[in-house]
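J.: here's a sequence, model it:
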Amino acid sequence: MSTTVKKDIRLKCIYGNIVTLLNLRTSESTDYELVNYQVEKLKENKISNYTPIGKAIWAKEEGAEIMIDLPGKGRDTYRIVKIVNA
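T.: Presented below is the predicted three-dimensional model:
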């Protein structure tokens, strides 16, 4: 009898993934696409790991709660609620 072991493969916040963040204070959610800094377009929510949000979420998994300092907006706590391959 053969037993199959199902691996728990979790996506991480890396280039090419779209990440949904939930602001735990305001309950607002926003999708961000992680891209190389050379194609970064902040107005289109395409961010690199050089931005404050990108630095905070880089290599994290779904369910992680993180504090992010945003220039001019202050510090908030966010939860990574979804990660999908772009």
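J.: quick check, P52 in contact with P71.
T.: Yes. The criterion here is Cβ atoms under 8 Å, and P52 meets it with P71 at 7.0 Å. (Glycine included, C-beta is placed from N, CA and C.)
J.: what about the two, which has more around it?
T.: Of the pair P52 and P71, P52 is the one with more neighbours under other Cβ atoms under 10 Å, namely 13 against 6.
J.: so who does the more buried one touch?
T.: Contacts of P52 were listed using Cβ atoms under 8 Å, 6 or more residues apart in numbering, and they are I68, D69, L70, P71.
J.: who does L22 form a beta bridge with?
T.: Listed by DSSP bridges, the beta-bridge partners for L22 are S29, R79.
J.: can you tell me which residues contact it?
T.: Residues counted as contacts of L22 (Cβ under 8 Å, 6+ apart) are E28, S29, Y78, R79, V81.
J.: let me have these in TSV, adding distance to W58, neighbour count and pLDDT as columns.
T.: Conversion of the contacts of L22 to TSV gives the following (distance: Cβ to Cβ, whole Å; neighbours: other Cβ atoms under 10 Å; pLDDT from 0 to 100):
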residue	distance to W58	neighbour count	pLDDT
E28	21	11	97
S29	19	13	98
Y78	13	23	98
R79	16	16	98
V81	17	13	98
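J.: give me the contact list for stretch 77-86.
T.: For stretch 77-86, the external contacting residues (Cβ under 8 Å, 6+ apart) are 11-13, 16-25, 29, 33, 56-57, 60-68.
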